[in-house]
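[1] next come a sequence and a model predicted from it.
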Amino acid sequence: MSKCKLGIIGLGHMGEAILNGILNNNYLLSNEIGLYTLEENTLYFYNEKGCLIFKNEFELCNNCEIVLIAIKPQGIDDLTSKIKTCKMECIVSILAGVSIDYYHNNYTCSVIRIMPNLPLQIGLGASAISHDIKVSEKHLNTIVNLFKQLGVVHIIDESLMNEIITVNGSTPAYVYYFIETMINDAVSRGINEKVAKDLLIQTFIGSATMLKQSNKSIQEEIDAVCSKGGTTIEAINTLKEKKLNEIIHLANTNCINKAKTIGK
Ligand SMILES: NC(=O)c1ccc[n+]([C@@H]2O[C@H](COP(=O)([O-])OP(=O)(O)OC[C@H]3O[C@@H](n4cnc5c(N)ncnc54)[C@H](OP(=O)(O)O)[C@@H]3O)[C@@H](O)[C@H]2O)c1
């Protein structure tokens with residue numbers, strides 16, 4: 001039997017989002033994908049869609065060319081003890097904090113490290129990729145093109161893979177929290193929750209799309225909303241006086257430090 005092109009270990013939030021992205025885009029045929037996760041119902045569901053299901057991590061790694069690891073970082077030592085002797089050619093790791101060196105210390109295959117984010121499940125992801133020098137052009141192209149199908153991709157230096165978590169990996173949660181806070185404030189002022197949610201989400205989509213398409217700087221776009229003597233400048237000045245930048249810096253520092261603590 002020829003090997004599967006791609007195996008995925010761990011079908012939680014991110015593993016399943018990546019898998020669905022691949023299947024929805026027909027990037028690989030379902031029978032070119034091997035899967036293993038702890039939840040049997042999930043395996044059954046994707047078996048019905050034509051994916052190959054393996055009975056454990058060891059079997060998957062011996063039968064897949066590229067293995068994408070999508071479990072929590074805390075589980076990597078246990079997984080490594082099961083698969084370190086396997087014959088995969090390339091490991092793709094999306095685990096926060098786990099370095100390429102960790103894999104080189106335990107495996108002989110090449111390594112690609114990715115920090116994706118969850119909007120990739122609707123084709124609007126943002127992924128940062130780093131890799132070792134061992135990786136073949138074929139494997140790197142396969143993975144880079146896969147993630148390009150799911151959104152924007154940037155290749156970055158591995159030394160910044162923990163810092164980048166605060167730029168794309170964790171950031172959807174920041175955005176959701178900000179929107180939720182804005183909705184709660186609107187509701188406290190008597191605005192209907194559904195109306196507030198709809199207007200705020202559309203405002204985020206519209207503002208982000210404008211920024212993406214604009215030739216102007218971000219400051220110019222801010223200035224275009226903040227007319228002199230108007231209302232918006234009062235809000236922006238308040239955010240500055242209350243030092244939103246310092247709050248964000250602290251939040252990012254704590255996020256990055258956690259990656260370093262759980263990482264390897
Ligand atoms: N979620 C995000 O937005 C995001 C963004 C960027 C990067 N990441 C990275 O993506 C990875 C996965 O995150 P997640 O949010 O998808 O976590 P998750 O929802 O907990 O998914 C992990 C999945 O792997 C399964 N699993 C654990 N050990 C396994 C093993 N040995 N073999 C097969 N399956 C196993 C888990 O099963 P059980 O639940 O039964 O343990 C779970 O279904 C993390 O390392 C994280 O750093 C996540």
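    Yes, it's here.
[2] gap between the residue in the chain that the ligand sits nearest to and Met210?
    Going by Cβ to the nearest ligand atom, the ligand is nearest to Gly12 of the chain, at 1.7 Å. In this view, the C-beta of every residue, glycine as well, is placed from N, C-alpha and C. With distances defined as Cβ to Cβ, to the nearest Å, the gap from Gly12 to Met210 amounts to 34 Å.
[3] and if you look at Ser136?
    With distances defined as Cβ to Cβ, the gap from Ser136 to Met210 amounts to 40 Å.
[4] give me the low-pLDDT residue ranges for the stretch 1-150 of the chain?
    For the stretch 1-150 of the chain, the stretches flagged by pLDDT under 70 are 1.
[5] can you give me the helices for it?
    Counting by DSSP state H, counting those that start in this stretch, the segments of the stretch 1-150 of the chain that form helices are 13-24, 40-48, 57-62, 76-83, 100-106, 137-149.
[6] want to throw the ones you listed into TSV with mean neighbour count?
    Below are the helices of the stretch 1-150 of the chain laid out as TSV (neighbours: other Cβ atoms under 10 Å):
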stretch	mean neighbour count
helix 13-24	20
helix 40-48	13
helix 57-62	20
helix 76-83	15
helix 100-106	17
helix 137-149	16
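[7] any chance of CSV for those, columns distance to Leu68?
    What follows is the helices of the stretch 1-150 of the chain, written out as CSV (distance: least, Cβ to Cβ, whole Å):
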stretch, distance to Leu68
helix 13-24, 7
helix 40-48, 14
helix 57-62, 10
helix 76-83, 12
helix 100-106, 13
helix 137-149, 8
